[in-house]
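Q: one predicted model, sequence on top.
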Amino acid sequence: MVIVGLLFILLGVLAILSGVFLSEVSADNPDAVAWLGIDISPMAFFLIGVASGAAVMAGISILKFGTKRSLAHRRERRELAALNEKLDRVEADRKRDEEH
């Protein structure tokens, strides 16, 4: 989950940065935007920006959910280990009492 979230964030940021730094409007056709060498309409350029922002937000949400789930899993594993140690001590005490 964490990897998927980071991937969404990375792709969204790359698209935004390429839109900011690698796009240009030609003097011949001011109604078209050249983005990564492809002529697209301003509306398509806007929608690419919206989709990039949505990808970043989705990535942050997925990253948050994955981190929360991972922390809960670690906490549960730690509690189970403590209970297992306690059970082992009780079992050892019971065997020692049975022998005497």
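A: That came through, no problem.

Q: am I right that Leu63 is in a strand?
A: No: judged by DSSP: H, G, I helix; E, B strand; the rest coil, Leu63 forms no part of a strand; its state is helix.

Q: near Ala34, how many other residues are there?
A: Around Ala34 sit 15 other residues, with neighbours defined as other Cβ atoms under 10 Å. For glycine as for every other residue, the C-beta is placed from the backbone atoms N, C-alpha and C.

Q: per-residue confidence for it?
A: Listed pLDDT for Ala34 reads 85.

Q: once you drop chain neighbours, what's closest to it?
A: Nearest non-adjacent residue to Ala34, counting by Cβ to Cβ, 6 or more residues apart in numbering: Glu24, 5.1 Å away.

Q: sec struct for the one you found, please.
A: Under the three-state scheme (three-state DSSP), the conformation of Glu24 reads as strand.

Q: so it sits against Val33, correct?
A: Yes: when contacts are counted by Cβ atoms under 8 Å, Glu24 is listed as touching Val33 (7.5 Å).

Q: for these two, list the residues in contact with both.
A: When contacts are counted by Cβ atoms under 8 Å, 6 or more residues apart in numbering, Glu24 and Val33 are jointly contacted by no residue.

Q: ok, these two, which is more surrounded?
A: Under the neighbour definition other Cβ under 10 Å, Glu24 and Val33 were set side by side, and Val33 has more, 21 against 10.
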